[in-house]
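Chemist: Sequence first, then the predicted structure, then my questions.
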Amino acid sequence: MLDAVRIRWRAMRRRGHVWLRSHPRAHALLHSTGSLHGSPEAIARGVAVGLLIGLTPTVGIQTVLMIALCVLVAGNFPAAFAISWVSNPLTLAPMVWAFHELGEVLLSPWASLLARGDVWYLRGAGDDILCTAAGSLAVAIPAAIAGYFIAHVLSQRWHSRRLRRLRSQGSIDSDV
């Protein structure tokens with residue numbers, strides 16, 4: 001089980017490295033802004049960004065949005081890129097449907113107010129877009145917050161274990 005996870009993680013890292021090599025400007029931007037740092041804080045921010053973008057129906061511009069947000073919050077872009085695969089071609093359609101249904105439930109109390117007002121009068125596709133956006137944000141924001149805290153704890157544990165292992169092997173000084 002653990003070997004399968006390691007293999008998947010390496011494959012995902014490889015895909016990320018290939019993407020960064022094929023986009024040298026993005027790589028330079030991410031490197032100069034600290035979005036490729038591996039500290040627990042940067043990884044946690046990257047996971048939050050990846051969940052926030054991955055759980056919204058922004059197919060086609062997800063990578064651009066992740067780069068922008070990672071640069072803005074100094075989040076780890078590879079972590080964001082990896083976790084954004086929560087919305088992949090197999091899960092996207094059910095997720096968008098669920099977001100729309102949740103958005104309808106959330107916005108139904110205000111539907112009569114929106115329909116009466118002259119400023120906010122939406123019909124057809126406008127209603128669908130608004131419901132889907134509201135539903136996706138209702139899921140994405142709490143998931144991003146929870147993902148941040150979980151990733152921060154897990155990455156701190158991973159870093160401390162790695163540091164202990166390197167110290168025991170004599171690879172680094174015990175002062176670090």
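Modeler: That came in fine, so what should we check first?

Chemist: From one end of stretch 50-68 to the other, what's the distance?
Modeler: Stretch 50-68 has an end-to-end distance of 11 Å (criterion: Cα to Cα, to the nearest Å).

Chemist: Quick one: name whatever helix or strand follows the helix or strand of the chain with the lowest mean pLDDT.
Modeler: Lowest on mean pLDDT, DSSP states H and E among the helices and strands of the chain sits helix 111-116, with a mean of 61. Next helix or strand after helix 111-116 toward the C-terminus (DSSP states H and E): helix 125-169.

Chemist: Regarding the most centrally placed residue in the chain, which helix or strand does it belong to?
Modeler: The C-alpha lying nearest the average C-alpha coordinate of the chain belongs to Gly50 (Cα atoms, centre = their mean; 0.8 Å). Here Gly50 sits within helix 40-54, counting by DSSP H and E.

Chemist: That helix to helix 125-169, inter-axis angle?
Modeler: Orientation check (axes from the mean of the first three to the mean of the last three Cα atoms, to 10 degrees): helix 40-54 against helix 125-169 gives 160 degrees.

Chemist: Just the buried positions in whichever helix or strand comes after helix 40-54, please.
Modeler: Downstream of helix 40-54, the next assigned helix or strand under DSSP H and E is helix 62-73. Neighbour-count burial for helix 62-73 flags 62-63, 65-67, 69-71, 73 (criterion: 16 or more other Cβ atoms under 10 Å). Just so you know, the C-beta spots here come from the backbone N, C-alpha and C atoms, and that holds for glycine as well.

Chemist: any idea of the mean pLDDT in helix 62-73?
Modeler: Averaging pLDDT along helix 62-73 yields 91.

Chemist: what packs against it?
Modeler: When contacts are defined as 3 or more Cβ pairs under 8 Å, 6 or more residues apart in numbering; DSSP states H and E, helix 62-73 packs onto helix 24-32, helix 40-54, helix 77-83.

Chemist: and that helix, how far out from the chain's middle?
Modeler: Relative to its chain's centre, helix 62-73 lies at 9 Å (Cα atoms, centre = their mean, to the nearest Å).

Chemist: what sits up against it?
Modeler: 26, 29-30, 33, 35, 45-46, 48-50, 52-54, 58, 75-77, 80-81, 84, 87 (Cβ atoms under 8 Å, 6 or more residues apart in numbering).

Chemist: now Ala133, nearest residue through space, not along the chain?
Modeler: Gly103 (6.9 Å; Cβ to Cβ, 6 or more residues apart in numbering).

Chemist: correct me, but that neighbour touches Leu130?
Modeler: Yes - with contact defined as Cβ atoms under 8 Å, Gly103 reaches Leu130; the gap is 7.0 Å.

Chemist: I appreciate the help and will end here.
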